[in-house]
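Asks: Mind folding the following:
(chains A, B, C and D)
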Protein chains: 2
Amino acid sequence: MTAKKKPVRAAPQRAARPKHSVVAAALIDEIRSGRHAPGALLPSEPELCRRFEVSRHTIRVALRSLYEKGLILSRQGHGSIVQATAVEPRYGFACSSIDDLLQYAAATPREVLGTARIDVDPALASWLGCEPGYPWWEIRTRRLQEAGGAAIASSRVYVPEVYGAAVRELKKSPLPLFALMEARYGHHIAQIRQTFSVVAATAGEAADLGLEAGAAVMCVERRFIDERGGLLEVSRSVHPPGAFRYELTVRQMLGTERP
Amino acid sequence: MTAKKKPVRAAPQRAARPKHSVVAAALIDEIRSGRHAPGALLPSEPELCRRFEVSRHTIRVALRSLYEKGLILSRQGHGSIVQATAVEPRYGFACSSIDDLLQYAAATPREVLGTARIDVDPALASWLGCEPGYPWWEIRTRRLQEAGGAAIASSRVYVPEVYGAAVRELKKSPLPLFALMEARYGHHIAQIRQTFSVVAATAGEAADLGLEAGAAVMCVERRFIDERGGLLEVSRSVHPPGAFRYELTVRQMLGTERP
DNA sequence: TTCTATTTGTTCGTATGTATG
DNA sequence: ACATACATACGAACAAATAGA
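Replies: Model (predicted):
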């Protein structure tokens, strides 16, 4: 190897995770643990710089991530106000971002109940939002609260047949299917369109969850879309009452871009 | 501390709009006008720097605002891909913004079933996220699909007692309570924190909706927060199966998180 | 009231790390 | 291997809003 150029000031030392992410995680943890009560001010930015030994730029990136999660609200000349602890994972799960989705997938064991190659009839094609007549995979899975615990989700996942390799990997990996597709085919998920509603469980879903057929369940439909607008995956998951919770903060967008 | 430099140094240009906001508006306009088609790449950041004669930092702030609007997606080593030409309008009961919420409220007739002045006991205070012991208003309302139609929502709305004037106006106005509070007291809503879950309806809610007690319903809890972080209103609305659908698009986080 | 210290917002500059093609 | 492009990170300075003296 060639001699490395000596850095003038800080040694770069490979940060496994970006510093702003570490800072953000620490602050989030403090807020959730109650160390910063709702309504109170976070320490000022210069103070956080000293405490974490990072630049103000890094602190502001971390604070922006807290802002985007709805945990704080910053006012010029005043400070950053803690908005909510948003704790209470007493039961159920709260998913408001792709990260939360991954977290949820990693934290709850998944059973693959079966995979089948199907031809998409017009009715299914209409629901999927694709052309009929092409072969797709249908995967049935179930999620448990913990290993051996109660069922909290029954899912049907649909992907075009070309992703068969990822489908086969599914049984050996705890990752969600879209993550496997991303890793294996290099397609990047740009967005996930989700719909939440209360529906009556089908017979198969009720059986998976141990409910009576027709029981009311939370239904989440997801469409995974890549950056070119292509449909990569469609899923329908149903959850028994109390097993799923979705949290979301909507903000007034009045030109306040936060740098 | 002591002596010092005069505070006034150069004649400051009067605060126009921030540069990043001007840049963002220009880029949004170009995307909307079709100069940058969906799927295409935006000019690179250094190129935008030269064109707008601003620093790369400013360009990145502008691009982040485009990202947050769902217009672009940036990928390291590749570029910024145009995702859409406009913020997509949602349909149905989808409420992705405060405007959508207002739209929904205006489109369905509301009945005020009763208002009561209550003292907040510790249990309620814990749920509301406020101090116990203070007087609040509790308003019971119901929404119908159309006048005389089926009930699609039963709500309990809680506001501090000081907003009594807005509460009294509620019977005469079709506007939602938070809009009345905004008009009358000048507090403006900065964000709304929402939680969606499936729960068993209480006896009162079931009666409002014409269901059996304990029926599974979609429950939406909302906390309305002003720009100072103050809690203005808390509501719990329950909807019978099929009457409520929530649509939401989550996008890849930019620059933050992603382990 | 005015003044002042504090705090966040905006903007520049520079350097390096890392993914992509 | 290489150039390109975005991501991360440091430093500096001033502007603007806020709150308290």
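
Asks: Look up the closest residue to A:A125, ignoring the ones flanking it.
Replies: Nearest residue to A:A125 in three dimensions, chain neighbours excluded: A:P132, at 3.7 Å (CB to CB, 6 or more residues apart in numbering or on different chains). Yep, even glycine has a C-beta here, placed from its N, CA and C like the rest.

Asks: ok, so what distance separates that neighbour from A:S235?
Replies: 19 Å (CB to CB, to the nearest Å).

Asks: Could you check which of those two is surrounded by more residues?
Replies: Per other CB atoms under 10 Å in any protein chain shown, whichever of A:P132 and A:S235 has more neighbours is A:S235, with 21 against 13.

Asks: What's opposite the more buried one in the beta bridge?
Replies: Per DSSP bridges, the residues bridged to A:S235 are A:V157, A:R222.

Asks: list the contacts for it?
Replies: A:S155, A:R156, A:V157, A:Y158, A:E221, A:R222, A:F224 (CB atoms under 8 Å, 6 or more residues apart in numbering or on different chains).

Asks: could you redo the last one with a cut-off of 7 Å?
Replies: A:S235 sits next to A:S155, A:R156, A:V157, A:R222 when contact means CB atoms under 7 Å, 6 or more residues apart in numbering or on different chains.

Asks: which stretch of helix or strand covers the first one?
Replies: Assigned by DSSP states H and E, A:S155 falls within strand A:151-160.

Asks: need the residues of chain A near DNA strand D, please.
Replies: A:9-10, A:15, A:18-21, A:53-58, A:61, A:75-78 (CB under 7 Å from any atom of the strand).

Asks: re earlier: next, the buried residues of the helix or strand just after the strand holding A:S155.
Replies: Proceeding N to C from strand A:151-160, the next assigned helix or strand is helix A:164-169, under DSSP H and E. The neighbour-count check on helix A:164-169 (16 or more other CB atoms under 10 Å in any protein chain shown) flags A:A166, A:V167, A:E169 as buried.

Asks: returning to that earlier point: give me the subset of the residues of chain A next to DNA strand D lying in strands.
Replies: In strands, judged by DSSP state E, the following of the residues of chain A next to DNA strand D are found: A:R75.

Asks: in a strand, that's where A:G148 is, yeah?
Replies: No: going by DSSP: H, G, I helix; E, B strand; the rest coil, the assignment for A:G148 is coil, not a strand.

Asks: Phi and psi next, for it.
Replies: phi 80, psi 0 (degrees, to the nearest 10).

Asks: List the contacts of A:R223.
Replies: Each residue near A:R223 by CB under 7 Å, 6+ apart is listed here: A:G129, A:I192, A:R193, A:L231, A:V234.

Asks: and the residue of chain A nearest DNA strand D?
Replies: A:G77 (2.2 Å; CB to the nearest atom of the strand).

Asks: which residues sit in contact with that residue?
Replies: With CB under 7 Å, 6+ apart, A:G77 has no contacts at all.

Asks: Roughly how far does it sit from B:P38?
Replies: A:G77 sits at a distance of 40 Å from B:P38 (criterion: CB to CB).

Asks: quick one, what contacts A:A206?
Replies: Counted by CB under 7 Å, 6+ apart, A:A206 has contacts A:E212, A:A213, A:A215.

Asks: Not counting its neighbours along the chain, what's nearest whichever residue of chain A sits closest to chain B?
Replies: Ranked by CB to the nearest CB, the top residue of chain A for proximity to chain B is A:A216, at 3.3 Å. Closest residue in space to A:A216, ignoring its immediate chain neighbours: B:A216 at 3.3 Å, by CB to CB, 6+ apart.

Asks: got it, and A:V238?
Replies: Leaving aside its chain neighbours, A:V238 sits nearest to A:V217 (4.2 Å; criterion: CB to CB, 6+ apart).

Asks: Surely that neighbour is in contact with A:G242?
Replies: No: taking CB atoms under 7 Å as the definition, A:V217 is not a contact partner of A:G242, at 10.6 Å.

Asks: and the residue nearest to A:A125, helix, strand or coil?
Replies: Assignment for A:P132 (three-state DSSP): coil.

Asks: For it, give its distance to A:E138.
Replies: In terms of CB to CB, A:P132 sits 15 Å off from A:E138.

Asks: Kindly report the same for A:I225.
Replies: A:I225 sits 19 Å away from A:E138, going by CB to CB.

Asks: And the two? Which one has more around it.
Replies: More neighbours surround A:I225 than the other of A:I225 and A:E138, with 20 against 16 (other CB under 10 Å).
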